[in-house]
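Visitor: just the structure for this:
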Amino acid sequence: MKTGLALLIVLAAFLSGRAQTLPNAGTEAGAGPLVSSDLSNQHVTSFAEDAFGQVWISTDRGLNKATIDSYHQYFSTGDSSSLSDNRIHQVYRDSRDRLWVATVNGVCRYNAQDGFDRIPVEGIEGECPNFSKTGKAPSS
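Guide: Residues are numbered from 1 along each chain as shown. This next block holds a predicted model:
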């Protein structure tokens, strides 16, 4: 049931046609997520459901956590606890219920402080990380 509701939310957001890019949204260091009624970008690259039933939607301009009536938008701000880049390739939940985010500039893991830990991954310089190649996130 949760998965069906999550997919319905994603589909409704995608088809609403209201998605837009917000100029300068979430660009202040330490500002935390921006709350909006729209996705951060219309180009959805992937989505995943976390252990709490929240749907995370990655786009070409930021990461979105969908709630019943809004989107919490996460962006790269230059702060070490923010995403490593705004262009998100993939979001992934592993078998230990950790949420991983592959950006064009590195891998991040969502933490309990509503931020991200940047995880160094060797051997992927110049490549965008892709969890689907191995079906696994980094072992950190």
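Visitor: which parts of stretch 103-113 are buried?
Guide: By 16 or more other CB atoms under 10 Å, the buried positions in stretch 103-113 come out as 103, 105-110. From N, CA and C alone the C-beta is placed, and that goes for glycine too.
Visitor: hang on, I meant stretch 56-76
Guide: By neighbour count on 16+ other CB under 10 Å, the buried set for stretch 56-76 is 56-66, 71-76.
Visitor: could the buried residues of stretch 103-113 go into CSV alongside secondary structure and distance to residue 118?
Guide: What follows is the buried residues of stretch 103-113, written out as CSV (DSSP: H, G, I helix; E, B strand; the rest coil; distance: CB to CB, whole Å):
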residue, secondary structure, distance to residue 118
103, strand, 10
105, coil, 9
106, strand, 6
107, strand, 7
108, strand, 5
109, strand, 8
110, strand, 12
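Visitor: got these as JSON lines, with pLDDT columns?
Guide: As requested, the buried residues of stretch 103-113 are exported to JSON lines (pLDDT from 0 to 100):
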{"residue": "103", "pLDDT": "95"}
{"residue": "105", "pLDDT": "91"}
{"residue": "106", "pLDDT": "92"}
{"residue": "107", "pLDDT": "95"}
{"residue": "108", "pLDDT": "96"}
{"residue": "109", "pLDDT": "97"}
{"residue": "110", "pLDDT": "97"}
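Visitor: I am finished for the moment; much appreciated.
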